[in-house]
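Asker: Requesting a structural model of the entry that follows:
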Amino acid sequence: MNEERMQRLLTLATSGFLIVFCLAPFVFMAVISLSGSPEFLSGQTAFNATFGHYRAIITTPSLHFIDYLRNSLAVSAVSAAVSTLIAALAAYSLTRLELPGRVLILFLILCVTMFPQISLIGFLFKLMTWLGWINTYGALIFPYVAWVLPLSVWILVSYFAQLPRELDKAALIDGCTRWQILRKVIAPVALPGILSTALLSFIFAFNEFMFALLFTTDHRARTVPVGIALFQGLHGEIPWGNIMAASIVSIVPLLILAVAFQRHIIQGLTRGAVKG
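Answerer: Residues are numbered from 1 along each chain as shown. Below is the predicted model of the structure:
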């Protein structure tokens, strides 16, 4: 067996292992969500396919799954939009303007990400209580924006830094203001990076658990991760079928976003800002 064939086999084996490793949890969730009883894993009962768990989470009023999903989508979308907008303004300022202490600013932004969430819970809870925001969207959007903003800034700074300054100089010669340059020149060119940042911010906010657990009290503002964690069946048993069905449905919006934006993300990784 020659070296080239051995390399191809090793590549295929590694790729297959990674695919199985990544997809196994999702397959497991799908199987449990479609089973009449999770006891079939122990061999006590046979596997009976049913969509009853999906119907239950959608039609059972006491589960409030649709409310949780709506809250997650709304909070995550607003948080991603606000954080990406602020990050774009910050990244443009740090990469295009002659600001003193730019490196120090980026270092301080990086330092902010080192604070664990639990260290801020007490202060944030007092602040949200004082503002009267407990169990509202604002109690989640405000900390979510602050939480994902450092990551968004660093991503866009690294992306904007790769764009040639000749774009700005040409726009300034044409009489554009800095705001017009960002909006009409830089933003269209950097669209793949901006969309990638927005998608990552959305995913971070969508999956967040601790803030949503502590700052919400019922289905009016509670998000999907907390709502699923608090699913409870009769007599306190864990309804694994409903939990897995809800988890599968919750993945769908993220999959749609990833598929819709993948072309722009790939363009951002493979194409330059200008053609030489």
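Asker: use CA for all of it now, contacts and neighbours both
Answerer: Noted.
Asker: Would you mark the buried spots in the helix or strand bottoming out on mean pLDDT in the chain?
Answerer: Scoring the helices and strands of the chain by mean pLDDT, DSSP states H and E places helix 240-270 at the bottom, with a mean of 80. Using 16 or more other CA atoms under 10 Å as the burial criterion, the residues of helix 240-270 that qualify are 240-248, 250, 254, 258, 264-265, 268.
Asker: Any buried residues in stretch 203-219, and which?
Answerer: Those would be 203-209, 211-216, 219, for stretch 203-219 by 16+ other CA under 10 Å.
Asker: Let's test this: mean pLDDT of that stretch, rounded?
Answerer: Regarding stretch 203-219, the rounded mean pLDDT is 92.
Asker: contact partners of it?
Answerer: Residues outside stretch 203-219 that contact it (CA atoms under 8 Å, 6 or more residues apart in numbering): 64, 67-68, 72-73, 75-76, 79-80, 117, 121, 125, 128, 134-136, 139-140, 143-144, 148, 222-227, 254.
Asker: which of these are buried?
Answerer: 64, 67-68, 72-73, 75-76, 79-80, 121, 125, 128, 134-136, 139-140, 143-144, 148, 222-227, 254.
Asker: Keep only those of the residues you listed that are in helices.
Answerer: 67-68, 72-73, 75-76, 79-80, 121, 125, 128, 139-140, 143-144, 148, 224-227, 254 (DSSP state H).
Asker: For the spatially most central residue of the chain, what is the enclosing helix or strand?
Answerer: By CA atoms, centre = their mean, the chain has its centre lying nearest to residue 203, at 0.8 Å. Element membership of residue 203, judged by DSSP states H and E, is helix 191-207.
Asker: distance of residue 88 from residue 171?
Answerer: Separation of residue 88 from residue 171 (CA to CA, to the nearest Å) stands at 18 Å.
Asker: who's more crowded, those two?
Answerer: Comparing residue 88 with residue 171 by other CA atoms under 10 Å, the one with more neighbours is residue 88, at 25 against 17.
Asker: Surely the more buried one is in contact with residue 155?
Answerer: No - judged on CA atoms under 8 Å, residue 88 makes no contact with residue 155 at a distance of 9.6 Å.
Asker: Please verify my assumption that residue 77 contacts residue 199.
Answerer: No - using CA under 8 Å as the test, residue 77 is too far from residue 199 to be in contact (9.3 Å).
Asker: What is the burial count for residue 111?
Answerer: Residue 111: 11 neighbours (other CA under 10 Å).
Asker: sec struct for it, please.
Answerer: Recorded secondary structure, residue 111: helix (DSSP: H, G, I helix; E, B strand; the rest coil).
Asker: Relative to residue 154, how far out is it?
Answerer: Residue 111 sits at a distance of 12 Å from residue 154 (criterion: CA to CA).
Asker: Next, show the common contact partners of the two.
Answerer: Between them, residue 111 and residue 154 share no contacting residue under CA under 8 Å, 6+ apart.
Asker: okay if I get the buried residues of stretch 203-219 as a markdown table plus distance to residue 97?
Answerer: A markdown table is the format used below for the buried residues of stretch 203-219 (distance: CA to CA, whole Å):
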| residue | distance to residue 97 |
| --- | --- |
| 203 | 31 |
| 204 | 29 |
| 205 | 30 |
| 206 | 33 |
| 207 | 35 |
| 208 | 34 |
| 209 | 37 |
| 211 | 35 |
| 212 | 37 |
| 213 | 41 |
| 214 | 40 |
| 215 | 38 |
| 216 | 41 |
| 219 | 45 |
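Asker: Nearest to residue 24 among those?
Answerer: Of all those, residue 24 sits closest to residue 207, with 19.7 Å by CA to CA.
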